[in-house]
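Enquirer: could you look at this predicted model? Sequence included:
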Amino acid sequence: AFGEPPDVDGHDRIFILILDISDPVFIGFFDPAVATHPVPELRRDVLYLDERAVRRSGYLARGTLAHEFQHLIHWGHDADEEDWINEGLSGYAEELTGYPEADPDAVPSFLNQPDVDFTNWPVRAFPAYYGSTYLLMSFLAERFGQPFIRDLVAQQRNGRFGVDDAFEAVGIAQDFDSAWGQWVVANY
């Protein structure tokens, strides 16, 4: 759905490291610094999951695994994508794998605060940001299809300009502004 994952270490597999993540905010993460380690032998395609989530909430852990796998794939195609696109697509990855809304607060938080500026992603984003971008990417996938999503991930331009380029690349007469307007109406 998003493209082929990178292979920085020459292994066909993606490593999943289950560990105690000391920050309770994080359930899992992808660390590009490991994938780009200066010593090639130490580079890995690896995703990290918190062991407490794996033991206590399989749904959340599996949804987070899908979320972080999209980050890994996206990084391999476009390492500097804007957060709102990347996080929205990771939320959509949760939906695709059968774990929609792994964070049950994200969508309701957005619906209670629909005027959040999701294109201006803060350092510590709160659930409304995740809910808004997930709903937008899910809408774009449903409305314009998987080829559009795959091309969006591969676009080298970022944010709204990457959305415009993805529309053009797959031959859809649309742009970000018009698609965003349709999404606003759909939310209403």
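Expert: Noted; the coordinates are in hand. Residues are numbered from 1 along each chain as shown.
Enquirer: count of residues packed around the closest residue to Arg124 other than its chain neighbours?
Expert: Residue nearest to Arg124 in three dimensions, not counting chain neighbours: Val25, with 7.7 Å by CB to CB, 6 or more residues apart in numbering. Bear in mind the C-beta positions are built from the backbone N, C-alpha and C, glycine included. Using other CB atoms under 10 Å, Val25 has 6 other residues around it.
Enquirer: now Val25: how far from Arg44?
Expert: Remark: distance between Val25 and Arg44 (CB to CB, to the nearest Å) = 24 Å.
Enquirer: ok, now which ones touch Ala61?
Expert: The neighbourhood of Ala61, defined by CB atoms under 8 Å, 6 or more residues apart in numbering, consists of 27-28, 49-50, 53-54.
Enquirer: and stretch 108-127, end to end?
Expert: By CA to CA, to the nearest Å, the extent of stretch 108-127 from end to end equals 9 Å.
Enquirer: residues contacting stretch 88-101, please?
Expert: 1-2, 59, 62-64, 66-71, 74, 102, 106-107, 118, 130-134, 136-138, 141, 149, 152-153.
Enquirer: list only those of those flagged as buried.
Expert: Buried members of the contacts of stretch 88-101, counted by 16 or more other CB atoms under 10 Å: 2, 62-64, 66-71, 74, 102, 106-107, 118, 130-134, 136-138, 141, 149, 152-153.
Enquirer: taking the residues you listed one by one, which sit in helices?
Expert: 62-64, 66-71, 74, 106-107, 130-134, 136-138, 141, 149, 152-153 (DSSP state H).
Enquirer: tell me the phi and psi of Leu47?
Expert: Note on Leu47: backbone dihedrals following degrees, to the nearest 10 are phi -120, psi 150.
Enquirer: quick check: it vs Phe29, distance?
Expert: 8 Å.
Enquirer: how far does stretch 68-88 sit from the chain's center?
Expert: In terms of CA atoms, centre = their mean, to the nearest Å, the centre of stretch 68-88 is set 6 Å apart from its chain centre.
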